[in-house]
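# need coordinates for the following:
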Amino acid sequence: MSNTKALPLLEPEAVVPCCPPLTERPLTADEAEKTARMFKALGDPVRLRLFSAVASHEGGEACVCDISDVGVSQPTVSHHLKKLKEAGLLTSERRGTWVYYRVEPSVVAAMGRMLSSLG
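Purely as a prediction, here's the structure:
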């Protein structure tokens, strides 16, 4: 007899894309603020490296223990990951003592659509 029990599936949180394509219409002040936060978060080299490490990690998620070797202290890594989460670029989940990060695909896709409209 097994002691395992099936857990209910959780619905993923709905994430509102950041912005329309730039050629569609002028951004509202709110959209411009949100979009600027995202690009500003990626404008820091350490944050961009962390974002890239999560995005390219096998399985689409990375434990903080696997991505913290970016040349800065652990508290600084935590600060930068927090900024990426606040900008809506990453989501996280605590599992035991470790935190696992994932790229928020709908937001990144919207940012890509926004920029690809310029080409």
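
# distance of residue 22 from residue 110?
12 Å (C-beta to C-beta, to the nearest Å). All C-beta atoms are positioned from the backbone trio N, CA, C, and that covers glycine.

# ok, those two, which is more surrounded?
Between residue 22 and residue 110, residue 110 has the larger neighbour count (other C-beta atoms under 10 Å), namely 21 against 15.

# give me every residue that touches the spatially most central residue of the chain.
The residue lying closest to the centre of the chain (C-alpha atoms, centre = their mean) is residue 90, at 1.9 Å. By C-beta atoms under 8 Å, 6 or more residues apart in numbering, the residues touching residue 90 are 51, 54, 81, 84, 101-104.

# now residue 46
70-72, 76-77, 80.

# tell me which two of the residues you listed sit farthest apart.
Greatest spacing in the contacts of residue 46, by C-beta to C-beta: 71 and 80 (11.4 Å).

# the two - which one has more neighbours?
Neighbour tally, residue 71 and residue 80, criterion other C-beta under 10 Å: the higher count belongs to residue 80, 21 against 9.

# ok, the more buried one touching residue 53?
No. At 11.1 Å, residue 80 does not count as touching residue 53 under the criterion of C-beta atoms under 8 Å.

# by contact count, what packs against the helix-or-strand element of the chain with minimal mean pLDDT?
Every helix and strand of the chain was ranked by mean pLDDT, DSSP states H and E. The lowest is helix 105-116, at a mean of 79. Judged by 3 or more C-beta pairs under 8 Å, 6 or more residues apart in numbering; DSSP states H and E, the packing partners of helix 105-116 are helix 29-42.

# tell me the mean pLDDT for the helix it packs on?
Averaging pLDDT along helix 29-42 gives 89.

# how far off centre is that helix?
On the basis of C-alpha atoms, centre = their mean, to the nearest Å, helix 29-42 is displaced by 14 Å from the centre of the chain it belongs to.
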